[in-house]
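Colleague: just coords:
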């Protein structure tokens, strides 16, 4: 039997070094649970400078390795396959050397290398599924390998439903939403918003979305929404805020072409920021136009910052945004629906305020980091103790 009076040693592995929702969740949980869990994040050296800097800032232990990342580019796919055996060996050696109690696969259903390395090292595995949009081939491979996992974490109910037909055997599972630190994302704190305050913005209602620029985020729907609201250009301004990685440069250029061709003058692109709180403080309405999500951290953060939400009905947003109570829900891709609901919030400022206050209470009661940490620690303990004497 594992003695839980000692710290549980967790290897939290992710094969994508770009800073996004899963990476932020890993760091938050590792930092907040440090009193009973000792976590080392294992991440790729490539494209992980921001990730590593944040780990350093939060004093989180991490191990950078030469891990290749799978993408749709044929060169990267070939590199991934050629290096696959070597990288499994690399991970195996790290896992054996550090004598971890459990391996947490954090990057979704395609974290095959970490799974195989953990089983070779005879370490129990908890596999974290955090998406609702994986290629069919990847899902098939996941289905074959999933019996090797000891437990599964689903990031949302929709994630659980999405993968239920790809889990051929009964396996212990946990439902854990992405966490938001409501003490950190606190609208009552003082924030420097000077960077975002411009003379031609200050009297307008500011509507924004935050996240990496990629097709899953439904930016084309957002542009169509802005076009439909062109008659309100004197009253509102849209912001699309987030980093553009090399793999998404072509997609970003296509968005700019649409914006120019359709003469959409009420949309501004801004680079991603390490601290998004000043941006959220600056915004009046938060829009999530995503086509695919599981547990969208950016929406939870906006809720914690008392923002009225207009979101596509993706992931588990419906569990926390009640239509007409603390936000509005729209079918994905429905630009008319987005525009109609934004009009309601433009014309009723008190509704925006009330929605925001209720949204923060929901975030505090159902999405706070402390709740997420307790659920992670329970998942670790139950997975480790399974079938132990």
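Modeller: Done, it's in. Since the model is a prediction, treat every value here as computed from it, not as a measurement.
Colleague: what pLDDT does residue 198 get?
Modeller: Predicted confidence (pLDDT) for residue 198: 67.
Colleague: what does residue 5 give?
Modeller: 47.
Colleague: number the residues from 674 up from this point.
Modeller: In the new numbering, first residue 674, that becomes residue 678.
Colleague: quick check: residue 686 touching residue 715?
Modeller: Yes - contact status for residue 686 versus residue 715: in contact at 4.5 Å, counting by Cβ atoms under 8 Å. All C-beta spots, glycine's among them, are computed from the backbone N, C-alpha and C.
Colleague: which of these two has more residues huddled nearby?
Modeller: Set side by side, residue 686 and residue 715 show more neighbours around residue 686, with 29 against 25, by other Cβ atoms under 10 Å.
Colleague: give me the common contacts of residue 686 and residue 715.
Modeller: 764, 787 (Cβ atoms under 8 Å, 6 or more residues apart in numbering).
Colleague: how long is stretch 958-967 end to end?
Modeller: Distance across stretch 958-967, first residue to last, is 21 Å (Cα to Cα, to the nearest Å).
Colleague: which one is residue 1009 nearest to, not counting chain neighbours?
Modeller: Of all residues not flanking residue 1009 in the chain, residue 901 sits nearest, at 6.6 Å (Cβ to Cβ, 6 or more residues apart in numbering).
Colleague: wait, doesn't that neighbour sit right on residue 1015?
Modeller: No - counting by Cβ under 8 Å, residue 1015 is not a contact partner of residue 901; they are 9.1 Å apart.
Colleague: if we can go back for a sec, read off the pLDDT value for the residue nearest to residue 1009.
Modeller: Residue 901 is assigned 96 on the pLDDT scale.
Colleague: please apply the same query to residue 1060.
Modeller: For residue 1060, pLDDT reads 61.
Colleague: where does the stretch 924-1062 of the chain dip in pLDDT?
Modeller: Along the stretch 924-1062 of the chain, segments meeting pLDDT under 70 span 1060-1062.
Colleague: wait, isn't residue 685 in contact with residue 710?
Modeller: No - between residue 685 and residue 710 there is no contact, the gap being 9.8 Å when judged by Cβ under 8 Å.
Colleague: please say which of those two ends up with more neighbours.
Modeller: More crowded of residue 685 and residue 710, by other Cβ under 10 Å: residue 685, with 29 against 22.
Colleague: now the helix or strand hosting residue 786: mean pLDDT?
Modeller: When elements are assigned from DSSP states H and E, residue 786 belongs to helix 785-793. Average pLDDT, helix 785-793: 96.
Colleague: cool, thanks, signing off.
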